[in-house]
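Student: Build the 3D model from these lines:
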Amino acid sequence: MPQSPQPLAERIRPRDLGGFIGQAHLVGAGKPLSRALQQRTVPSMVLWGPPGVGKTTLARMIADVAGKPFYNLSAVSAGKAELRNIVNSLGRAQASQPGLFQADQDPQPNSAILFLDEIHRFNKAQQDFLLPYVEDGTITLIGATTENPSFEVISALLSRMQVFTLEPLTVRELEQIIARGVEALQLEIEPEAVAFLANYANGDARAALNLLENAARLYRADAIIAEHLRETLQSKHLRYDKSGEEHYNTISAFIKSMRASDIDAALYYLARMVDSGEDPKFIARRMVIFASEDVGMADSAALTVANDVFRAVETIGLPECQFHLAHGVVYLAGAPKDRSAGSGYFDALEDARQHGNLPVPLRLRNAPTALMRQLGYGKGYQAYTDESLLPEELAGKRYFRP
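Tutor: This next block holds a predicted model:
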């Protein structure tokens, strides 16, 4: 297998739409991004979708076509200093600057495209810093995120960007990408191995290509078989995949440990996720859900604690927010548990869907007109009563059972 310092996914990254696979709803003939590329008009945008579906590739294509300098930053490691350096440099032609993607220079040398990967990792202050430069056109911002931008991008910035949603790649699309990887590695691959890769990847081309390349490196065989791939997955040299099975296994263990009030196990799984690079806001968001779903009425203050933890994580970030996460986990795991509020709600929801719009009892109806009062609307209403206020068909039914 030919050795290369570049990952396989980078080596076979397409440079134009002719080689791009997937996202036909965005890049097909007459579709939004296809039109933007043809017209060389590039708005600031958010590319929202799961990992390995083409967000970075599309951003680089857009930069090439637009003829602007292209800066590629990751919000995981970049901060205001890097952003300020970019803004300060835009008055000078710096095509050879480190981190600058080689593209034809824009006729206006004071503008550039900034691709910000994992934009959801930027806090409010960092996003606020970008706002005036996006607004005046100094920077055309392309943000990539796996998280809902409605929650992760400040409204002032989001209102100045178009949101494009990318979909997981289909099995057929993954098979096409795998074929390119096999060709680049100068290998053969059996059909069962292709099927294994396509299903393992779960819509993520990078996951498929990384596993293929790791298997080729470990086994150095002329042909890759499914068993090579299965064995490679057991290798301790592979990184924790935040989008893969380990991600879901660990967050499941974390929640179940808090539910069982096992504080030590909950702290262990928390530490494992943070150390593996999991987004702390993802963890904090699950804690907010847990506070109502599992602790609930047994300790209503848990929701306040969980919300405060989320806000601290959002505003402070790593590494300091580890203290807030640990504080919240110990509180939630040690709190008494009561799921009665949520269970009662979903029982009521089932009846609402099953029975449809049952008539609201007359005494509970608003009576703003004389005719309504004549029809009995509001008649007999008492603010404090032991009578059931449910529709007649459900009278006396109990949903909340503390």
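
Student: okay, CA-based contacts and neighbour counts for the rest of this
Tutor: OK.

Student: May I see the buried residues of the helix or strand encompassing residue 230?
Tutor: Residue 230 is part of helix 226-232 when elements are defined by DSSP states H and E. For helix 226-232, the neighbour count (16 or more other Cα atoms under 10 Å) marks 226, 228-229, 232 as buried.

Student: Now do the contacts for residue 326.
Tutor: Listed by Cα atoms under 8 Å, 6 or more residues apart in numbering, the contact partners of residue 326 are 267, 270.

Student: Report the secondary structure element holding it.
Tutor: Using DSSP H and E, residue 326 maps to helix 321-334.

Student: What of residue 143?
Tutor: Per DSSP H and E: strand 139-145 holds residue 143.

Student: closest to residue 88 among the buried residues of helix 226-232?
Tutor: Residue 88 lies nearest to residue 232 out of the buried residues of helix 226-232, by Cα to Cα, at 46.1 Å.

Student: for the residue positioned nearest the centre of the chain, helix, strand, or coil?
Tutor: For the chain, the residue nearest the mean C-alpha position is residue 147 (2.3 Å; Cα atoms, centre = their mean). Secondary structure, DSSP: H, G, I helix; E, B strand; the rest coil: residue 147 is coil.

Student: swap in residue 68?
Tutor: Of the three states, residue 68 takes coil under three-state DSSP.

Student: So it sits against residue 110, correct?
Tutor: No: applying Cα atoms under 8 Å, one finds residue 68 not in contact with residue 110, separated by 9.7 Å.

Student: more crowded one of the two?
Tutor: Using other Cα atoms under 10 Å as the criterion, residue 68 and residue 110 rank with residue 68 on top: 25 against 18.

Student: Near the closest residue to residue 150 other than its chain neighbours, how many other residues are there?
Tutor: Leaving aside its chain neighbours, residue 150 sits nearest to residue 158 (7.8 Å; criterion: Cα to Cα, 6 or more residues apart in numbering). When neighbours are counted by other Cα under 10 Å, residue 158 registers 18.

Student: do the same with residue 307
Tutor: 19.

Student: now the one 4 residues further on
Tutor: The local packing count at residue 311 equals 17, with neighbours defined by other Cα under 10 Å.

Student: Kindly report the same for the one 4 residues further on.
Tutor: With neighbours defined by other Cα under 10 Å, the count for residue 315 comes to 13.

Student: Next, find the distance separating it from residue 124.
Tutor: Distance, residue 315 to residue 124, using Cα to Cα, to the nearest Å: 7 Å.

Student: Could you do residue 9 as well?
Tutor: As judged by Cα to Cα, residue 9 and residue 124 stand 32 Å apart.

Student: In terms of secondary structure, what does the helix holding residue 230 contact?
Tutor: Helices and strands touching helix 226-232, by 3 or more Cα pairs under 8 Å, 6 or more residues apart in numbering; DSSP states H and E, are helix 191-201, helix 205-219.
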